[in-house]
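K.L.:
Below are the sequence and a predicted model for it; my questions follow.
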Amino acid sequence: MDIRYFYKNNQHSYKHESIITYFGNAIAQVIELPPILEVCLYDLGPEVYGGIDMYTINRIGLNYDLSFEDLPKILTHELIHVNQKHTKLLEFRSNRHYYWRGIPYTNKTPDQLTHEEYQNLPWEIDVKERQSKVLQMALDLLSKDVL
């Protein structure tokens, strides 16, 4: 997978890029992802870890201030969303509606939802159900590469 990096008001970071590339390529062996991924490293504030760009299928944002230990878990979460969009499980159409499995779900953006409403979105529930397994499978692949 070709990963392209973008920074906003942050210094270029080879360490961020190394971790993201390493884990991103392992995750791409576990779930279907597009051949090109754009990763934007921003200051998202203390409460936001990352997010998916609803308009660009293959773009995610990650908080530049995440600890390096937290990056794999957050990256896995966001890449599952990329997988959802890439496979059309999750769509955001021009009528400003989110579609889950082809069915209109909501036209509210995440910032218009309460934390509880957001956590109960079907695509967030799907990520919660898959995240640990996908991350573990990627770690298993990486441990085989090291040995």
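P.N.:
Here it is on my side, so go on.
K.L.:
And the residue nearest the centre of this structure?
P.N.:
The geometric centre of the chain, computed from its C-alpha atoms, lies nearest to residue 78 (CA atoms, centre = their mean), at 1.2 Å.
K.L.:
need the contact list for that one.
P.N.:
50-52, 60, 62 (CB atoms under 8 Å, 6 or more residues apart in numbering). Placement of C-beta: from N, CA and C, glycine included.
K.L.:
Can you tell me which of those residues is closest to residue 91?
P.N.:
residue 52 (12.0 Å; CB to CB).
K.L.:
Tally up the residues packed near the nearest residue to the closest one once chain neighbours are set aside, please.
P.N.:
Excluding the flanking residues, the one nearest residue 52 by CB to CB, 6 or more residues apart in numbering is residue 81, at 4.2 Å. For residue 81, the count of nearby residues is 21 (other CB atoms under 10 Å).
K.L.:
Which strand or helix spans residue 81?
P.N.:
If you go by DSSP states H and E, residue 81 is part of helix 71-86.
K.L.:
Can I get that helix as CSV, trimmed to CA atoms?
P.N.:
What follows is helix 71-86, C-alpha atoms only, in CSV (Å, rounded to 0.1, in the frame of the first residue of the first chain):
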residue,chain,number,x,y,z
LEU,A,71,-0.8,4.8,17.2
PRO,A,72,-1.3,1.2,16.1
LYS,A,73,-4.7,0.9,18.0
ILE,A,74,-6.0,4.3,16.6
LEU,A,75,-4.6,3.5,13.1
THR,A,76,-6.4,0.2,13.2
HIS,A,77,-9.7,1.9,14.2
GLU,A,78,-9.4,4.4,11.4
LEU,A,79,-8.3,1.8,8.8
ILE,A,80,-11.4,-0.2,9.6
HIS,A,81,-13.4,2.9,8.7
VAL,A,82,-11.4,3.1,5.4
ASN,A,83,-12.3,-0.5,4.8
GLN,A,84,-16.0,0.3,5.4
LYS,A,85,-15.9,3.1,2.9
HIS,A,86,-13.7,1.2,0.4
